[in-house]
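# generate coordinates for the sequence data below:
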Amino acid sequence: MKRTIIAAACVLLASPALGQSLGEKTGVNSALGVAPTTADFVKEIAVGDMFEIESSKLAEQKGNAQEKTFAQQMVTDHTKTGSELKVLVSDGKVQATLPPALDSSHQSKLDKLKNASGKDFSSDYDSYQISAHEDAISLFDRYAKGGDNAALKDWADKTLPALRHHLDMAKELGRAPSVGQSK
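Below is the predicted model of the structure:
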């Protein structure tokens, strides 16, 4: 029995090396305020930027007027942060691998948005934007305070005000009356 428990613990502790650390995957790091590893931070940011861009491109087509304006800003800003992150990694200032595609969780959200319309699309898009920006702020704040790469810490700190502004904007989605479309 003791060996089984030890073996299970080893598997649990080793599995994060295959992808993302257990603390980031479960949200424990966020709850405890622990900085993510550089690899986890880069992976989360890259996936987040890809999701923001792709979901916002859908909102530019399917959203109401308020969502379309917000979505244009998200595509612009997250394309910029994605490019900045790629430069940090390609210049060798950050030792990490950029993921080539969305993870399964973000892909399923994107698929849900692709199949939604009207009020359902707006409800999902708006809530995804709020939660994504809350998560990003937590991630950036924790890395800026306790990350182990100076260039990435500095970039995270400089990016935080824009993310906070995005969250404020996301929280306003659905509050203002929309013109021409009902929510």
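
# residues touching the most centrally placed residue in the chain, list them.
With distances taken as Cα atoms, centre = their mean, the residue of the chain nearest its centroid is Gly48 (2.9 Å). Gly48 is in contact with His78, His106, Ala132, Asp135, Ala136, counting by Cβ atoms under 8 Å, 6 or more residues apart in numbering. The C-beta positions use only the backbone N, C-alpha and C, and glycine is treated the same way.

# list buried residues within these.
Using 16 or more other Cβ atoms under 10 Å as the burial test, the contacts of Gly48 include His78, His106, Ala132, Ala136 as buried.

# phi first, then psi, for the closest residue to the second one other than its chain neighbours.
Using Cβ to Cβ, 6 or more residues apart in numbering and skipping residues adjacent in sequence, the residue nearest His106 is Phe51, 4.4 Å away. Its backbone dihedrals place Phe51 at phi -70, psi -40, with angles given as degrees, to the nearest 10.

# mind checking how far Phe51 is from Ser123?
According to Cβ to Cβ, to the nearest Å, Phe51 and Ser123 sit 17 Å apart.

# okay, those two: which has more neighbours?
Higher neighbour count among Phe51 and Ser123: Phe51, with 22 against 14, using other Cβ atoms under 10 Å.

# isn't the more buried one right up against Lys112?
No: using Cβ atoms under 8 Å, Phe51 is not in contact with Lys112, being 11.9 Å away.

# which positions in the helix of greatest length in the chain come out as buried?
Identified as the longest helix of the chain according to DSSP state H is helix 118-146. Buried residues in helix 118-146, counting neighbours by 16+ other Cβ under 10 Å, are found at 121-122, 124-126, 128-130, 132-133, 136-144.

# contacting residues around the closest residue to Gly147 other than its chain neighbours?
Of all residues not flanking Gly147 in the chain, Lys153 sits nearest, at 4.6 Å (Cβ to Cβ, 6+ apart). Counting by Cβ under 8 Å, 6+ apart, Lys153 touches Tyr143, Ala144, Gly147.

# please report how far Lys153 lies from Ala101.
27 Å.

# in contact with the residue nearest to His106, which residues are there?
Residues in contact with Phe51 (Cβ under 8 Å, 6+ apart) are Leu102, His106, Lys109, Leu110, Ala132.

# which among these gets closest to Ser83?
Proximity of these to Ser83 (Cβ to Cβ) peaks at Leu102, which lies at 17.7 Å.

# what's the separation between the closest one and Leu110?
According to Cβ to Cβ, Leu102 stands 7 Å off from Leu110.
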